[in-house]
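Q: here's a sequence, model it:
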Amino acid sequence: MSSAEKPRSAGVSGLRKTVGFVANEPVLAILVAALVVLQCLHPQAWRTLPGLVDWPTVQTLAGLLILTKAVELSGFLMWLAHRVVHHVHSERGLAGLMIALAAGLSMLVTNDVALFVVVPLVLSLNRLTPLPVKRLTIFTALAVNAGSILTPLGNPQNLFLWQTSGVSFGAFVYALLPLCAALTAMLYAVAFFAFKPRALDLSRDTATQPVDRAYAGTAGLLFVAFVLLADSHHAAIGLAAIALGFLLWRRDAVLKIDWPLLLIFVLMFIVLRSAAALPWIKTTIAAIGIDTPLRAFVAGSVLSQGISNVPAAIMLAEFTHDWRALAFGVSVGGFGLGIGSLANLIAIRLAKERGAWTAFHLLSIPFWIVATAFGAWLVR
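A: Numbers count the residues shown, from 1 in each chain. Predicted coordinates:
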């Protein structure tokens, strides 16, 4: 191969890898295609596009991804899960515990990370004793949607709304507490009738779960410190410190995070804020009007069914300053159709159960309707 052909071959290979990467990430592919269309309809200078990104939110998300990956790699979450499940004796009790575990973890380590712990745990327990895996997975998905409502760390839309609202961590939790408590109580009520009090035998689950205590302890301390820095609007400093520290000590915590998620989040800001700037979009939303808390709430809940709750939060934030009503709306919007929350897609994908989507929607859509009605009452 000649020297002139080598760069050309490397370029073609790089292009193929890039196309393959984007093709394996459907959400990313859609965002790239949408950006191209928007640039054709309403061209903007490429150098101005980074200015559309809410970088403090992206920095906070990156820091949390590193820290939660460190906690996951330490083995602490799986160790904790296996310790906890041995305190139950029935199918109904296990369902209640899985809901509590999924909801509790999602308040601290985001809803998708919680699913990567709880769903594999359900699958591993199913190898020890027969379980209704499909039903447990569905309730786990709904549980992380309900639990993640409470804190700014629970999901990307909360993280974005917390950063843009300027309120403290405690004030955010206090505002979202009523909705979180109500939806979690609803989920437990439904679970009581959905699961039988059949006895379980988990005596064969005797394998020890190793934990890297230094790894887990360091990640836990840094987690608290990073949240405090993010709360005081210094997420960039915290991100730089933990990224450099882990690269020098345990680089897998940085290298193995969900990099496509960060890229998707950056593109969401660019695409949705570019779309929101289109004259006909502005005119349409202005005609609908989301200038009251109730309308902002309903818009968040309904729009999430079409474009998922994270994009809905980013887009509607351009048209309302009522962050609480919008947070209520997109939180409720995580129920309903599967696309309402990325957590739904992750849970069903992990379980790999035939007919899971039909069963999911038979429960999630009625749940969304009731949750929307109750959320509207709370907002008013």
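Q: C-alpha from now on. contacts and neighbour counts both.
A: Noted.
Q: assign residue 281 to helix, strand or coil.
A: Following DSSP: H, G, I helix; E, B strand; the rest coil, the label given to residue 281 is helix.
Q: so it is in contact with residue 274, correct?
A: No - applying C-alpha atoms under 8 Å, one finds residue 281 not in contact with residue 274, separated by 10.1 Å.
Q: among the two, which residue is more densely surrounded?
A: residue 274 (20 against 12; other C-alpha atoms under 10 Å).
Q: report the rounded mean pLDDT for the helix or strand encompassing that one.
A: Element membership for residue 274 (DSSP states H and E) is helix 259-276. For helix 259-276, mean pLDDT is 82.
Q: check which residues of it are buried.
A: Under the neighbour-count criterion of 16 or more other C-alpha atoms under 10 Å, helix 259-276 has 261-262, 264-276 buried.
Q: that one packs against which elements?
A: With contacts defined as 3 or more C-alpha pairs under 8 Å, 6 or more residues apart in numbering; DSSP states H and E, helix 259-276 has these neighbours: helix 26-41, helix 55-73, helix 309-316.
Q: and that helix, how far out from the chain middle?
A: Relative to the chain's own centre, helix 259-276 is displaced by 15 Å; criterion: C-alpha atoms, centre = their mean, to the nearest Å.
Q: thought residue 364 was touching residue 336?
A: Yes - counting by C-alpha under 8 Å, residue 364 touches residue 336, with 4.9 Å between them.
Q: the two: which has the busier surroundings?
A: Legend: neighbour count by other C-alpha under 10 Å for residue 364 and residue 336, higher for residue 336 (27 against 22).
Q: can you classify the more buried one by secondary structure?
A: coil.
Q: find the nearest non-adjacent residue to it, please.
A: In space, residue 336 comes closest to residue 365 once its chain neighbours are excluded; the distance is 4.1 Å by C-alpha to C-alpha, 6 or more residues apart in numbering.
Q: contacting residues around the one you found?
A: 335, 336, 337 (C-alpha atoms under 8 Å, 6 or more residues apart in numbering).
Q: can you list the buried residues in the longest helix along the chain?
A: The longest helix of the chain (DSSP state H) is helix 169-194. Buried positions in helix 169-194, judged by neighbour count with 16+ other C-alpha under 10 Å: 169, 172, 173, 175, 176, 179, 180, 183, 184, 187, 188, 191.
Q: again with stretch 26-41
A: 28, 29, 31, 32, 34, 35, 38.
Q: how much space separates the residue lying closest to the first one once chain neighbours are set aside from residue 367?
A: The one in question is residue 28. In this structure, residue 28 finds its nearest non-sequential neighbour in residue 264, 5.6 Å apart by C-alpha to C-alpha, 6+ apart. When distances are taken as C-alpha to C-alpha, to the nearest Å, residue 264 and residue 367 turn out to be 28 Å apart.
Q: separation between the spatially most central residue of the chain and residue 337?
A: The residue lying closest to the centre of the chain (C-alpha atoms, centre = their mean) is residue 155, at 4.1 Å. For residue 155, the distance to residue 337 equals 18 Å [C-alpha to C-alpha].
Q: confidence score at residue 119?
A: 81.
Q: tabulate the contacts of residue 365 (CSV), appending pLDDT and distance to residue 316.
A: Listed next are those as CSV, based on pLDDT from 0 to 100; distance: C-alpha to C-alpha, whole Å:
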residue, pLDDT, distance to residue 316
335, 94, 18
336, 91, 19
337, 86, 19
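Q: dump those residues to JSON lines, plus distance to residue 347.
A: Formatted as JSON lines, those follow (distance: C-alpha to C-alpha, whole Å):
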{"residue": "335", "distance to residue 347": "13"}
{"residue": "336", "distance to residue 347": "15"}
{"residue": "337", "distance to residue 347": "14"}
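Q: need the helices and strands packed on helix 259-276 in a markdown table with distance to residue 223 and mean pLDDT, can you?
A: Shown next, in a markdown table, are the helices and strands packed on helix 259-276 (distance: least, C-alpha to C-alpha, whole Å; pLDDT from 0 to 100):
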| stretch | distance to residue 223 | mean pLDDT |
| --- | --- | --- |
| helix 26-41 | 28 | 85 |
| helix 55-73 | 6 | 85 |
| helix 309-316 | 23 | 86 |
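Q: now those in TSV, please, with extra columns for distance to residue 354.
A: Output for the helices and strands packed on helix 259-276, formatted as TSV (distance: least, C-alpha to C-alpha, whole Å):
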stretch	distance to residue 354
helix 26-41	22
helix 55-73	28
helix 309-316	26
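Q: quick one, which of the ones you listed gets closest to residue 201.
A: Set against residue 201 and scored by C-alpha to C-alpha, the helices and strands packed on helix 259-276 come closest in helix 55-73, at 27.1 Å.
Q: all good on my end, thank you.
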